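S.K.: show me how the following folds:
(one chain, ligands or ions: 2)
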Amino acid sequence: MRHFDLVIIGSGSGNSILDERFADQRVAIVEKGVFGGTCLNVGCIPTKMFVHTADVAAAPASGARLGVDAHLDGVRWTDVRDRIFGRIDPISEGGRRWRAEENANVTVFAGTARFVGPRTLDTGTGETITADRFVLAAGSRPVVPDVADLESVGYHTSDTIMRLDALPPRLTILGSGFVAAEFAHVFSSFGVRVTLIARSDLLLRREDREVAQRFTRLASEKWDVRLSHKAVRAERVDGVVRLHLEGPEGSVSVDGEELLVAVGRTPNSDLLDLASAGVELHPDGRVVVDEHQRTSAAGVYALGDISNEHQLKHVANHEARVVQHNLLHPDEPIAADHRHVPAAVFTSPQIASVGLTEEQAAERGVRYVVGSQAYASIAYGWAMEDTTGFAKVLADPGTGEILGAHVIGPQAPTVIQPLIQAMSFGQDARSVARGQYWIHPGMPEVVENALLNLPLEY
Ligand SMILES: Cc1cc2nc3c(=O)[nH]c(=O)nc-3n(C[C@H](O)[C@H](O)[C@H](O)COP(=O)(O)OP(=O)(O)OC[C@H]3O[C@@H](n4cnc5c(N)ncnc54)[C@H](O)[C@@H]3O)c2cc1C
Ligand SMILES: NC(=O)c1ccc[n+]([C@@H]2O[C@H](COP(=O)([O-])OP(=O)(O)OC[C@H]3O[C@@H](n4cnc5c(N)ncnc54)[C@H](O)[C@@H]3O)[C@@H](O)[C@H]2O)c1
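M.R.: Ligands and ions are numbered 1, 2, ... in the order given. Predicted coordinates for the structure are as follows:
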């Protein structure tokens, strides 16, 4: 049985651990799918390449209110698709080849790993290996909901929808979270009629309620949004997927040439038989880790979607850097910093958030005040004739500590960054607002004014 110093399961964020400091270690990477993981192949990167393309496709329609009459002639779907994956696929294959063929100390196993005992791994390739240390970086996968006949009818997930052969006339999206909101924007901007089905009465309901309500209203003006509907059965009728729903008005159905299921992601821990490795799990399947990303089994670390509740690439990257340090310096381990994890939804309008929502602040009994600013009331908002975006900041009125921030509107993920920085470095709201220049008339003035609108007491 071959023995390694280190085994990494999953080639997404786990792959970034290895650098020249590991050159004297015998390392194995086990990957069951395409090299490079979710973000590169089927997640952040291709989706944002589609989102930017969708923003361009949607631009002509927004010109009229500025006095610019433009027309979208068409979207060459297969050209768009092939441009995007023509760039991504070679990066994935190049990464695999580099590790497998040019890293003398690294062995890549193309199989589904499964523990068969403490520190003993069936690589799924016919070979079982042992190692001193393991990194569990096996990520997550789309959840498939319990809807009768879904499997036999056929459906897409985010893993497959971006590789369609042709744009469908209609797309039904089951779900109302990040994936649903981003793909609804992409496909509707390309001319596809989108129906979005939400179980609750709000889209993106984990966002601050004001943001979720604004988004739900704007989305309902563009897409056929069915709130408070539960999908119960799927059926294929003349090449069309018919989804039967139970809603406030009783039983209804919606038709679409394609169906995208986007109801969350579940950790891949169940594939690994972690009980045989002595690794404990949370009830929801996430691997239990301490602040140093160590699991309950000695020498076994975990990072990314398999262990954290955020399921975001910047969190997985941060944890990979923590694991990297702790593998190299086990006697001086560093802790992961999950204090202020931001997130952004690249839909239309864009949404970004960090820290507490107003509902969470109220629920926790935290003393807070709110400062808000509409894009419509800052100079760049006038330039864009924006009427729907706003920024909102929550702060402690006594100390000015920034507790949370929420932005819905153009470039929200960029606009929010000064607030993430302020929270990370413990800067108070008044100092952030008045202790620096804000470029005039830049979009971050929406944040400056939200800060100035806080009714602070000091
Ligand atoms: C459509 C979509 C868009 C997204 N957009 C964003 C975004 O804009 N910003 C953001 O921050 N995050 C985004 N995310 C989330 C982000 O992609 C993930 O949080 C991140 O990729 C998780 O990284 P990871 O290393 O934990 O797992 P992954 O990158 O998923 O890597 C895990 C790897 O392990 C392999 N594996 C699993 N089980 C086994 C096994 N038993 N044996 C061997 N190999 C195994 C898998 O095949 C996979 O390659 C998006 C996700 C999706 C689905
Ligand atoms: N921009 C980004 O950072 C980005 C983009 C896409 C995905 N992601 C990550 O991937 C994860 C998965 O995305 P997602 O959109 O699939 O999940 P999500 O958790 O964001 O949203 C899933 C939604 O589906 C609903 N739902 C659950 N079960 C349902 C059912 N049976 N029927 C109807 N609705 C149901 C949930 O209430 C929830 O609103 C996200 O949590 C996010 O962390 C991030």
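
S.K.: use CA for all of it now, contacts and neighbours both
M.R.: Will do.

S.K.: from ligand 2, how far off is the residue most central in space within the chain?
M.R.: By Cα atoms, centre = their mean, the chain has its centre lying nearest to Leu312, at 4.7 Å. Look at Leu312 and ligand 2: by Cα to the nearest ligand atom, to the nearest Å, they are 5 Å apart.

S.K.: over to His338?
M.R.: Separation of His338 from ligand 2 (Cα to the nearest ligand atom) stands at 14 Å.

S.K.: can you check Thr157 too?
M.R.: 9 Å.

S.K.: list the contacts of that residue.
M.R.: Going by Cα atoms under 8 Å, 6 or more residues apart in numbering, Thr157 touches 142, 260-262.

S.K.: and Leu245, that one's in a strand?
M.R.: Yes: according to DSSP: H, G, I helix; E, B strand; the rest coil, Leu245 belongs to a strand.

S.K.: wait, doesn't it sit right on Glu235?
M.R.: No: counting by Cα atoms under 8 Å, Leu245 stays clear of Glu235, with 11.6 Å between them.

S.K.: between the two, who's got more neighbours?
M.R.: Using other Cα atoms under 10 Å as the criterion, Leu245 and Glu235 rank with Leu245 on top: 22 against 19.

S.K.: which residues does that one contact?
M.R.: Applying Cα under 8 Å, 6+ apart to Leu245 gives the contacts 229-233, 251-254.

S.K.: pull up the residues of this protein that are close to ligand 2.
M.R.: 145, 174-180, 198-199, 204, 230, 262-265, 310-312, 343-346 (Cα under 6 Å from any ligand atom).

S.K.: how about a cut-off of 5 Å?
M.R.: Contacts of the chain with ligand 2, taken as Cα under 5 Å from any ligand atom, map to 145, 175-179, 199, 262-265, 311-312, 344-345.

S.K.: which of those residues sit farthest apart?
M.R.: With distances taken as Cα to Cα, the most widely separated pair in the residues of the chain next to ligand 2 is Pro145 and Ala344, at 24.6 Å.

S.K.: what does stretch 439-458 rub up against?
M.R.: 369-375, 378-381, 390-400, 415-416, 419, 429-430, 432-433, 438.

S.K.: repeat that for stretch 293-305.
M.R.: 13-14, 132-140, 267, 277-280, 286-289, 311-313, 315-317, 319-320, 322-323, 335-336.

S.K.: domain ranges for this structure?
M.R.: 2-142+266-328, 150-263, 349-452 (automatic domain parsing).

S.K.: got those as TSV, with distance to ligand 1 columns?
M.R.: What follows is those, written out as TSV (distance: least, Cα to the nearest ligand atom, whole Å):
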stretch	distance to ligand 1
domain 2-142+266-328	3
domain 150-263	5
domain 349-452	10
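
S.K.: in CSV, list those domains along with mean pLDDT.
M.R.: Shown next, in CSV, are the domains of the chain (pLDDT from 0 to 100):
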stretch, mean pLDDT
domain 2-142+266-328, 98
domain 150-263, 98
domain 349-452, 98
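
S.K.: quick one, strands of the stretch 201-350 of the chain?
M.R.: Remark: strands assigned in the stretch 201-350 of the chain by DSSP state E, counting those that start in this stretch are 224-226, 230-237, 240-247, 250-256, 258-261, 265-267, 300-302, 343-345.

S.K.: before we move on, the earlier item: most neighbours of all the residues of the chain next to ligand 2, which one?
M.R.: So for the residues of the chain next to ligand 2 (other Cα under 10 Å), the most neighbours sit at Ser176, 26 neighbours.

S.K.: tell me how far it lies from Leu204.
M.R.: Computed with Cα to Cα, to the nearest Å, the distance linking Ser176 and Leu204 is 6 Å.

S.K.: ok, now how distant is the closest residue to Leu356 other than its chain neighbours from Glu151?
M.R.: The shortest distance from Leu356 to any non-neighbouring residue, by Cα to Cα, 6 or more residues apart in numbering, is to Gly404 (4.6 Å). As judged by Cα to Cα, Gly404 and Glu151 stand 41 Å apart.

S.K.: neighbour-wise, which of those two wins?
M.R.: Gly404 (26 against 11).

S.K.: quickly list what the more buried one is bridged to.
M.R.: Gly355, Leu394 (DSSP bridges).

S.K.: list the contacts for it?
M.R.: 353-357, 393-395.

S.K.: let me see the contact set for the nearest residue to Leu245 once chain neighbours are set aside.
M.R.: Ranked by Cα to Cα, 6+ apart and with sequence neighbours excluded, the top spatial neighbour of Leu245 is Ala231, at 4.4 Å. Ala231 makes contacts with 147, 174, 243-246, as judged by Cα under 8 Å, 6+ apart.

S.K.: which residues in the stretch 201-350 of the chain form helices?
M.R.: All helices of the stretch 201-350 of the chain, identified by DSSP state H, counting those that start in this stretch, fall at 209-222, 313-328.

S.K.: quick one: closest of those to Thr78.
M.R.: helix 209-222 (24.5 Å).

S.K.: in the closest one, what counts as buried?
M.R.: Residues of helix 209-222 classed as buried: 209-216, 219 (neighbour count, 16 or more other Cα atoms under 10 Å).

S.K.: tell me what the strand or helix carrying Leu40 is packed against?
M.R.: For Leu40, the host element (DSSP states H and E) is helix 37-42. The contact analysis (3 or more Cα pairs under 8 Å, 6 or more residues apart in numbering; DSSP states H and E) places helix 37-42 against helix 44-63, helix 77-97.

S.K.: please look at Val135 and Ile8 and confirm they touch.
M.R.: Yes: with contact defined as Cα under 8 Å, Val135 reaches Ile8; the gap is 4.7 Å.

S.K.: any common contacting residues for these two?
M.R.: Counting by Cα under 8 Å, 6+ apart, the residues touching both Val135 and Ile8 are Gly14.

S.K.: put together JSON lines for the domains of the chain, with distance to Tyr458 on each row.
M.R.: Putting the domains of the chain into JSON lines (distance: least, Cα to Cα, whole Å) gives the following:
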{"stretch": "domain 2-142+266-328", "distance to Tyr458": "34"}
{"stretch": "domain 150-263", "distance to Tyr458": "26"}
{"stretch": "domain 349-452", "distance to Tyr458": "6"}
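
S.K.: how about the strands in the stretch 351-458 of the chain?
M.R.: Under DSSP E, counting those that start in this stretch, the stretch 351-458 of the chain gives strands at 351-355, 369-374, 390-395, 402-408.

S.K.: now do the buried residues in stretch 29-40.
M.R.: Quick answer for stretch 29-40 (16+ other Cα under 10 Å): 29-32, 34-38, 40.

S.K.: now Asp5, what's its secondary structure?
M.R.: strand.

S.K.: for it, what are its contacts?
M.R.: 25-27, 131-133.

S.K.: only the buried subset of those residues, as a PyMOL command please.
M.R.: Buried residues among those (16+ other Cα under 10 Å), as a PyMOL selection:
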select buried, resi 26+27+131+133
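
S.K.: alright, that wraps it up for me.
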